[in-house]
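Chemist: build me a model:
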Amino acid sequence: MIESKMVFDKHMFRENAPLEIKKLLSSHVNVLHGKEVVFKEKFGLIPEYEVDGQLFYLYPVSKDWCTN
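Modeler: Here you go, the predicted model:
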């Protein structure tokens, strides 16, 4: 499958993500905003980002949380 690249958009995330996910990622959203998301399948991946000195990755990332 062809890889497509999009970026995480905090406004789209807040609008479309389930409440439980919003709560889990509430302290990460500003850091995630604008990060590149790579889609190889149905869901995307943000391979590495840092919050408070700790490294994280985010999977799955829904396309409706992203913009081109």
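
Chemist: hey, let's count contacts and neighbours off CA atoms from now on
Modeler: Fine.

Chemist: can you map out the strands along this structure?
Modeler: All strands of the chain, identified by DSSP state E, fall at 4-8, 36-39, 44-51, 54-61, 66-67.

Chemist: low-confidence ranges in this protein?
Modeler: Scanning the chain for pLDDT under 70 picks out the ranges 1-5.

Chemist: quick check on residue 41: phi, psi?
Modeler: With angles defined as degrees, to the nearest 10, residue 41 sits at phi -130, psi -150.

Chemist: re earlier: which one of the strands of the chain lies nearest to residue 23?
Modeler: Nearest to residue 23, of all the strands of the chain, is strand 54-61, at 14.5 Å by CA to CA.

Chemist: so how far is the closest one off the chain centroid?
Modeler: 8 Å (CA atoms, centre = their mean, to the nearest Å).

Chemist: mind listing the strands that strand pairs with, and their directions?
Modeler: strand 44-51 (antiparallel) (DSSP bridges).

Chemist: what's the closest of the strands of the chain to residue 16?
Modeler: Proximity to residue 16 (CA to CA) singles out strand 66-67 among the strands of the chain, at 10.0 Å.
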